[in-house]
Structure formats: structure tokens, C-alpha cells
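Peer 1: return atomic coordinates for the entry below.
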Amino acid sequence: MLRRLARPLLGVTFVATGTDALRDKDRRQRKAAALGVGDPQAVTRALAGTQIGAGALLALGRFPRLASLALAATVVPDALTGHAFWSEDDKQDRQVQRGLFVRDLGLLGGLLVSVADTGGRESVPHRAKRTARKASRKAAKQLP
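Peer 2: Residues are numbered from 1 along each chain as shown. Model (predicted):
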């Protein structure tokens, strides 16, 4: 039950974040350029598009682990371009941006938990090991 509530909430957060990034693209592109990104316009659009698309998938419960992994890959670049608190001159702005940066780290933690969450089912590596053990036991029984 918790999973059914948590994943959509996490997904909607990233849909909103990606939409905000598209609206605030000029500032983010300037910060990306300052970080040495080759094509800041393409990178900021790609990050925003990934957040919107993967966030929607996560909210809808479609490919939740893959969507969470894609979103996790966008968090650090988004935090660096969207909430670079170390470059703020005003103390109050720096505090606000630091809080948003830390919030992004918390979202990253939630996404990593979502990536690892199998929904109560066995993971593929665990299932493969179990199947291999069964096959080897079966083969051992058939030996003379």
C-alpha cells in the first residue's frame, strides 16, 4: 500500500521539477555553461524531458525501477544547475538554494530505494541463482 502512494508522489514531484526547469531554462543554461557543459541548451532540455517522461512513468506505475533509475541520473546535474548555492552572493538566497539542494539529495535517496524495490518479487539475479541451483541439484540426482 505504501508503495502505491510513494511512487506516484515521487513521480509527480519530478514532472513538476522538469516543467519548472523548462520554464527556467535560461538561468539553468547559464549555470550549465559556467560548469563547462558543451551544449547547455540540449543538456538542460534533455534533463527536463527525462524528468517529465520518467516522472510520468513512475507516477503511473509503469517500469518503476527503470523510471527511478533514469530520474536518479538527473538529480545531480539538476541540483548543480538549478540550486548552486555556493555561487549565490546573497545570504538569504544561498540559504534557500542550499535547502533546495539538500531536498534534491533526499529525493535521490528515495529514488535509490525505489530502484532497489522489487515490489515483493524476487530480483532477477536472485531468481537466476535459485534456478541454477535447482538445475544443478536435478542434474546431480540423474548422475549414476
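Peer 1: from here on, contacts and neighbour counts on C-alpha atoms
Peer 2: OK.
Peer 1: quick one, longest helix in this protein?
Peer 2: Secondary structure of the chain per DSSP state H: the longest helix is helix 91-116.
Peer 1: distance from the next helix or strand after that helix to the middle of the chain?
Peer 2: Downstream of helix 91-116, the first helix or strand assigned by DSSP states H and E is helix 124-142. Centroid separation for helix 124-142 versus its chain: 34 Å, with Cα atoms, centre = their mean, to the nearest Å.
Peer 1: list the buried residues in helix 124-142.
Peer 2: Buried positions in helix 124-142, judged by neighbour count with 16 or more other Cα atoms under 10 Å: none.
Peer 1: likewise for stretch 108-119?
Peer 2: Buried residues in stretch 108-119 (16+ other Cα under 10 Å): 108, 110, 111, 112, 114, 115.
Peer 1: can you list the residues that contact it?
Peer 2: For stretch 108-119, contacts defined as Cα atoms under 8 Å, 6 or more residues apart in numbering pick out 3, 7, 10, 64, 65, 66, 68, 69, 71, 72, 75.
Peer 1: got a PyMOL select line for the buried ones in these?
Peer 2: Buried members of the contacts of stretch 108-119, defined by 16+ other Cα under 10 Å, are picked up in PyMOL with:
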select buried, resi 7+10+64+65+68+69+71+72+75
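Peer 1: redo the contacts of stretch 108-119 as a markdown table? Include secondary structure and distance to residue 24.
Peer 2: A markdown table is the format used below for those (DSSP: H, G, I helix; E, B strand; the rest coil; distance: Cα to Cα, whole Å):
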| residue | secondary structure | distance to residue 24 |
| --- | --- | --- |
| 3 | helix | 31 |
| 7 | helix | 26 |
| 10 | helix | 21 |
| 64 | helix | 27 |
| 65 | helix | 28 |
| 66 | helix | 27 |
| 68 | helix | 23 |
| 69 | helix | 24 |
| 71 | helix | 19 |
| 72 | helix | 21 |
| 75 | helix | 16 |
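Peer 1: in the chain, what secondary structure element scores lowest on mean pLDDT?
Peer 2: Every helix and strand of the chain was ranked by mean pLDDT, DSSP states H and E. The lowest is helix 124-142, at a mean of 84.
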